[in-house]
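Colleague: Here is a sequence with its predicted model. Questions after.
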Amino acid sequence: MAVTRRVFFSGAMAAPFLAQLGGTAQANPAVDVKFTLLSGLGEIRLTELALKRLATEQIQVQAVAPAAPILGADGKTVEGVTLTPEYATGTIDALGRPGTGSGRALGGVVLRNATARMEITGMRTSAPDGRIFAFLKVNDEWVGELPLYVSDPGAMRLSVEPGLPGKPTTLKGSGIPVTPSQEGIDAFAEAFGVALFTLTDKVFTASGSGLGLPLPVLSG
């Protein structure tokens with residue numbers, strides 16, 4: 001039977017989100033369970049607010065492989081991407097609350113119009129701070145790895161389906177809000193010559209699912 005909880009969430013993208021989830025505590029409920037991600041897939045979708053504001057500057061979204069585009073109702077407009085995690089590890093307590101964790105997603109997105117191109121790849125985060133770092137490339141120049149986004153450390157809807165003994169746990173989460181950091185706002189404004197978003201604007205919603213395997217606790 002699936003168990004649905006509302007839990008504190010500090011990550012944002014697919015791999016970071018999966019990095020904070022694991023199986024249920026086993027032998028010792030007082031000890032957090034450390035886990036590793038075996039497989040998973042997440043997605044980030046632009047909010048209606050973000051889509052409308054990007055459209056005012058004719059800014060289009062593209063996926064950077066191995067991320068894949070999520071198309072809108074018109075079959076042409078990219079409204080988000082699906083992401084595969086490169087790695088993810090983390091801890092979770094007996095009550096299903098995430099502790100520390102980290103992860104990175106493969107691929108990313110491009111924002112572009114006739115005057116500029118902004119490429120955001122290799123998104124990573126760690127818990128519990130929730131900042132989202134990514135490699136930024138503007139036009140043909142690599143800017144570096146910057147904290148471009150943050151996750152609102154609020155509640156998400158989490159479904160936990162324990163596997164058979166020795167088998168991984170299936171985890172599904174949704175409704176994770178993502179807002180820009182000041183560094184992200186500044187980078188966007190410098191690239192496109194206009195500031196479209198504020199620190200409180202929700203620009204993405206993230207969700208994902210995957211299989212997490214608790215790691216054995218070593219004594220000593």
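Modeller: Structure received.
Colleague: For residue 209, which residues are in contact?
Modeller: 40, 41, 42, 170, 171, 172, 173 (CB atoms under 8 Å, 6 or more residues apart in numbering). From N, CA and C alone the C-beta is placed, and that goes for glycine too.
Colleague: any chance of those residues in a markdown table, with neighbour count and distance to residue 122 too?
Modeller: Formatted as a markdown table, the contacts of residue 209 follow (neighbours: other CB atoms under 10 Å; distance: CB to CB, whole Å):
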| residue | neighbour count | distance to residue 122 |
| --- | --- | --- |
| 40 | 24 | 17 |
| 41 | 16 | 17 |
| 42 | 27 | 14 |
| 170 | 16 | 26 |
| 171 | 25 | 23 |
| 172 | 18 | 24 |
| 173 | 24 | 21 |
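Colleague: could those go into CSV alongside pLDDT?
Modeller: CSV is the format used below for these (pLDDT from 0 to 100):
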residue, pLDDT
40, 91
41, 91
42, 87
170, 82
171, 75
172, 77
173, 75
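Colleague: and the two most separated of the residues you listed?
Modeller: 42 and 170 (14.1 Å; CB to CB).
Colleague: how much space is there between residue 149 and residue 33?
Modeller: Distance of residue 149 to residue 33, given as CB to CB, to the nearest Å: 28 Å.
Colleague: cool, residue 105 as well?
Modeller: 23 Å.
Colleague: Look at the two and report which has more neighbours.
Modeller: Neighbour count, other CB atoms under 10 Å: between residue 105 and residue 33, residue 105 has more, with 34 against 24.
Colleague: quick one: secondary structure of residue 188?
Modeller: helix (DSSP: H, G, I helix; E, B strand; the rest coil).
Colleague: Kindly indicate which of the contacts of residue 209 lies nearest residue 130.
Modeller: Using CB to CB, these come closest to residue 130 at residue 173, 14.2 Å.
Colleague: Just list whatever residues bridge to that closest one.
Modeller: According to DSSP bridges, the partner residues bridging residue 173 are residue 158, residue 208.
Colleague: That one touches residue 208, doesn't it?
Modeller: Yes: counting by CB atoms under 8 Å, residue 173 touches residue 208, with 6.2 Å between them.
Colleague: can you confirm residue 146 is in a helix?
Modeller: No: per three-state DSSP, residue 146 lies outside any helix segment and is strand.
Colleague: Give me the neighbour count for residue 67.
Modeller: Applying other CB under 10 Å, we find 25 residues neighbouring residue 67.
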